[in-house]
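Build the 3D model from these lines:
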Amino acid sequence: MNRIFLILTVVGVPLSVVGSLMHWPSTLLFLIYCLTIIALASFMGRATESLAIVAGPRIGGLLNATFGNAVELIISIFALKEGLVAIVLASLTGSVLGNLLLVAGLSFFVGGIKYKVQKFNVFDARHNSGLLMFAVLVAFVIPEVFSMNMSEGERFSLSAGIGIIMILLYVAALYFKLVTHRGVYQSKNEQKAHEEHEEPEWSGKMAVLVLLLSTIAVAYISENLVHTFDTVGEQFGWSELFIGVIIVAIVGNAAEHASAIIMAYKNKMDIAVEIAIGSTLQIAMFVAPILVLISVLFEERMSLVFTLPELISMASAVLLAIVISNDGDSNWFEGATLLAAYLIMAIGFFLL
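Just a heads-up that it's a prediction; the model follows:
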């Protein structure tokens with residue numbers, strides 16, 4: 001399988017560059033870009049696994065989420081520059097739904113088919129639950145409620161203030177998990193992994209280099225992929241909202257999606273959960289606020305004011321994910337439940 005992904009990468013990256021320069025048909029480019037991103041995602045998954053063995057599942061999962069979300073951040077900045085604020089907000093919604101329902105759901109389902117019950121760090125799950133409640137149910141709902149009778153300038157000021165607080169709390173959360181309380185809430189899986197002394201495929205430096213190069217390639221291809229959405233959307237009947245919430249979010253996070261599922265299949269659930277939940281927190285508490293602050297540089301500023309369907313969908317996803325993950329174990333049926341919720345919301349956004 002690794003050889004197939006290597007061939008797809010070696011062939012796909014040059015074809016992606018040549019195709020974009022020579023303006024090949026959008027449908028053909030769409031297919032080439034998607035296959036190449038999937039192939040590159042496999043390298044990111046292998047690099048994450050090596051980093052997790054060298055530095056632990058928290059740091060491995062965090063680095064995977066960070067490099068994966070860097071792609072979405074780049075795509076969103078390009079979209080903000082073009083004044084596509086609605087699509088950026090929709091893609092942020094899609095990332096939250098995609099990570100909590102699609103990624104976690106597929107991870108639980110795929111891993112659950114191979115293993116009856118899979119365990120992960122219950123302390124991390126409960127810690128993340130509080131942050132998820134804050135990030136979505138407080139920081140995203142509050143601007144919607146308070147901005148009803150505000151001017152556009154006041155909405156942006158409120159969003160910027162909330163964004164700064166979210167970034168500070170996110171940095172504090174990382175400091176808590178990786179510095180002051182590192183190893184305090186260690187799961188049995190982590191203890192067992194330390195005892196087994198598994199050999200990584202790549203060294204720490206090599207794994208980071210592979211992650212960095214893969215991210216740069218994915219960012220370039222993803223940015224070109226966005227330009228094919230209009231044509232492909234017209235051919236398949238996809239609305240702008242559906243493209244933002246479902247398509248852009250899936251493509252922008254394809255790398256970390258694949259990594260989490262691979263980790264779950266190998267029964268490394270601490271890493272899989274860290275990627276899915278950690279990526280959601282990073283999107284909500286860091287990427288979204290950063291985009292609000294960056295939007296000052298462009299003509300149209302972005303406020304953290306989502307539509308009602310987006311807010312209700314995100315709140316539902318958070319509550320369902322918390323209920324399912326708070327016990328520290330998973331099975332295929334819980335994965336199927338999360339996937340069913342994602343499909344229901346996808347149908348809703350498609351028809352909206």
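
Now the most far-flung residue of the chain relative to its centre. Its backbone dihedrals?
Most distant from the centre of the chain: Asn149, at 32.6 Å, with distances by C-alpha atoms, centre = their mean. The phi and psi values for Asn149, taken as degrees, to the nearest 10, are phi -110, psi 20.

got a pLDDT number for it?
With respect to pLDDT, Asn149 has a value of 81.

same thing with Gly183?
64.

which helices and strands sit right next to the longest helix along the chain?
Longest helix in the chain, counting residues (DSSP state H): helix 26-55. Under the contact definition 3 or more C-beta pairs under 8 Å, 6 or more residues apart in numbering; DSSP states H and E, helix 26-55 sits against helix 2-22, helix 57-81, helix 204-226, helix 229-236, helix 254-265, helix 269-282. No exception for glycine: its C-beta is placed from N, CA and C like everyone else's.

Out of those, which is closest to Glu144?
Of all those, helix 269-282 sits nearest to Glu144, with 18.9 Å by C-beta to C-beta.

can you give me how far that closest one is from the chain middle?
9 Å (C-alpha atoms, centre = their mean, to the nearest Å).

Report the inter-axis angle for that helix versus helix 57-81.
Orientation note: helix 269-282 sits at an angle of 30 degrees relative to helix 57-81 (axes from the mean of the first three to the mean of the last three C-alpha atoms, to 10 degrees).

Name the next helix or strand downstream of helix 269-282, please.
Downstream of helix 269-282, the next assigned helix or strand under DSSP states H and E is helix 288-294.

I'd like the next helix or strand past that following helix.
helix 308-325.

Buried residues in that next one, which are they?
Judged by neighbour count using 16 or more other C-beta atoms under 10 Å, the buried positions of helix 308-325 are 310-311, 313-322, 324-325.

Check stretch 30-40 too.
In stretch 30-40, counting by 16+ other C-beta under 10 Å, buried: 30, 32-40.

How about stretch 74-93?
Under 16+ other C-beta under 10 Å, the buried positions of stretch 74-93 are 74-80, 84-85, 87-93.

just to revisit the earlier point, pLDDT and distance to Leu8 added to the buried residues of stretch 30-40, as a markdown table?
A markdown table is the format used below for the buried residues of stretch 30-40 (pLDDT from 0 to 100; distance: C-beta to C-beta, whole Å):
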| residue | pLDDT | distance to Leu8 |
| --- | --- | --- |
| Phe30 | 86 | 15 |
| Ile32 | 91 | 10 |
| Tyr33 | 88 | 12 |
| Cys34 | 82 | 11 |
| Leu35 | 85 | 6 |
| Thr36 | 88 | 7 |
| Ile37 | 81 | 10 |
| Ile38 | 78 | 7 |
| Ala39 | 83 | 4 |
| Leu40 | 84 | 9 |
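
ok, and the helix or strand in the protein with the lowest average confidence?
helix 188-196 (a mean of 53; mean pLDDT, DSSP states H and E).

circling back: need the buried residues of helix 308-325 in TSV with distance to His127 and pLDDT, can you?
Formatted as TSV, the buried residues of helix 308-325 follow (distance: C-beta to C-beta, whole Å; pLDDT from 0 to 100):
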residue	distance to His127	pLDDT
Glu310	26	91
Leu311	24	92
Ser313	24	93
Met314	20	93
Ala315	20	93
Ser316	21	94
Ala317	18	94
Val318	14	94
Leu319	17	94
Leu320	18	95
Ala321	14	93
Ile322	12	93
Ile324	16	92
Ser325	11	89
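
could I get those as a markdown table with distance to Met166?
Conversion of those to a markdown table gives the following (distance: C-beta to C-beta, whole Å):
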| residue | distance to Met166 |
| --- | --- |
| Glu310 | 17 |
| Leu311 | 16 |
| Ser313 | 20 |
| Met314 | 15 |
| Ala315 | 17 |
| Ser316 | 21 |
| Ala317 | 18 |
| Val318 | 15 |
| Leu319 | 20 |
| Leu320 | 22 |
| Ala321 | 19 |
| Ile322 | 19 |
| Ile324 | 25 |
| Ser325 | 22 |
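
quick check, nearest of the residues you listed to Val18?
Glu310 (37.4 Å).

I'd assumed Ser95 was in contact with that closest one.
No. The pair Glu310 / Ser95 is not scored as a contact, 11.5 Å apart, by C-beta atoms under 8 Å.

Enumerate every residue touching Ile221.
By C-beta atoms under 8 Å, 6 or more residues apart in numbering, the residues touching Ile221 are 13, 16, 33, 36-37, 40.
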